[in-house]
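Engineer: Quick one, fold the following:
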Amino acid sequence: MTNIPTDLLRTFVTIKDLGGFTSAGELLGRSQPAISLQVKKLEEILNTKIFLRGSSLELTEDGEYLYEAARQILEINDQIIAKVRGDNVSGKVRLGIPNDFELAFLPKALRNLSRVYPNIIVEVDCEISKVILQRYQKGHYDIALAMERAKKNEDRDSRDYRLESLEWVYKDSRLIDGYDDPIPLIAYPQGCVYRSLMEESLQGQLHPFRFMYTSTSLLGIFSAVEEGLGITAMAKSVIPEHLKHAASSKSLPELERVCIGLYYKERELNIASRHVLDFLRSGLANM
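Structural biologist: Numbering: from 1, shown residues only. Model prediction:
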């Protein structure tokens with residue numbers, strides 16, 4: 001009977017999750033040629049193609065089936081290893097995270113974590129990024145996720161951050177096209193990166209605006225947008241599908257990109273914190 005080595009499945013799933021052979025190699029500690037050879041070996045074992053060769057890494061029909069099955073196999077594999085080998089890790093990890101990214105990927109990441117490490121407790125605190133970073137500097141968190149303006153060059157581990165495009169979010173396009181009065185804005189309080197970038201972009205275009213609604217709650221922001229009170233801006237990956245969004249319009253300028261990144265002190269991480277960090281990295285990659 002033919003068996004599929006789990007390391008080949010892990011490589012395949014990582015390529016799909018991270019969107020490239022190079023990124024997968026960096027995460028798994030292998031060179032790109034080694035990653036390519038593993039994919040070739042997997043295709044030889046299954047006697048099929050799993051990636052459509054072209055400009056993007058799209059999966060074949062067999063590849064789609066294999067991806068879903070491989071994730072289940074790897075999850076069971078990791079649970080068995082953790083249980084049988086005695087890696088019954090426990091502990092409490094303090095995590096600070098921006099409001100909008102709490103909903104974007106945290107529940108899924110923590111659900112996956114709890115299946116493998118049920119005795120790790122994650123204490124989550126949600127706020128705007130400015131407050132998260134201030135509290136992190138004072139030692140309130142073991143790990144923090146924060147959003148900042150994108151830098152020209154990032155010198156940290158590529159697994160610890162992702163760059164995101166900002167888009168204008170609205171319910172009625174009449175709010176953004178041909179609107180003569182000041183544009184009504186919906187935002188988090190002062191100190192929020194979204195708010196600052198909206199202000200600066202509109203000031204640069206000499207377009208009048210006013211803040212109609214301010215809330216510390218993501219649900220409050222979305223509710224105000226849904227009621228047509230105004231428009232807001234958010235990272236593309238956290239915008240609900242039912243709301244309209246655009247990078248720019250006739251009346252609105254394009255917004256700068258932002259960086260969502262993880263902060264932690266390597267030497268101060270315990271075993272529980274390191275496991276949480278791994279799952280958060282995976283969550284960022286899969287958003």
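
Engineer: Can you list the neighbours in contact with the one helix or strand Leu95 maps to?
Structural biologist: Following DSSP states H and E, one finds Leu95 within strand 91-98. Residues from elsewhere that reach strand 91-98 (Cβ atoms under 8 Å, 6 or more residues apart in numbering): 106, 119-129, 132, 135-136, 140-147, 260, 270-273, 276, 280. Yep, even glycine has a C-beta here, placed from its N, CA and C like the rest.

Engineer: If we use 7 Å, what do you get?
Structural biologist: When contacts are defined by Cβ atoms under 7 Å, 6 or more residues apart in numbering, strand 91-98 is touched by residues 106, 120-129, 132, 135-136, 140-147, 270, 272-273, 276.

Engineer: and if you look at stretch 5-23?
Structural biologist: 24, 27-28, 32, 35-36, 38-39, 41-42, 50, 57, 59, 67, 70-71, 73-74, 77, 285-286.

Engineer: now, which of the residues you listed lie within strands?
Structural biologist: If you go by DSSP state E, the contacts of stretch 5-23 have Leu59 in strands.

Engineer: following the helix or strand where Pro107 lies, which helix or strand shows up next?
Structural biologist: If you go by DSSP H and E, Pro107 is part of helix 106-116. Sequence order places strand 120-127 as the next helix or strand after helix 106-116, per DSSP H and E.

Engineer: Show me what the very next helix or strand once past that following strand is packed up against.
Structural biologist: Once the chain leaves strand 120-127, the next helix or strand it forms, by DSSP H and E, is helix 129-137. If contacts are counted by 3 or more Cβ pairs under 7 Å, 6 or more residues apart in numbering; DSSP states H and E, helix 129-137 sits against strand 91-98, strand 143-149.
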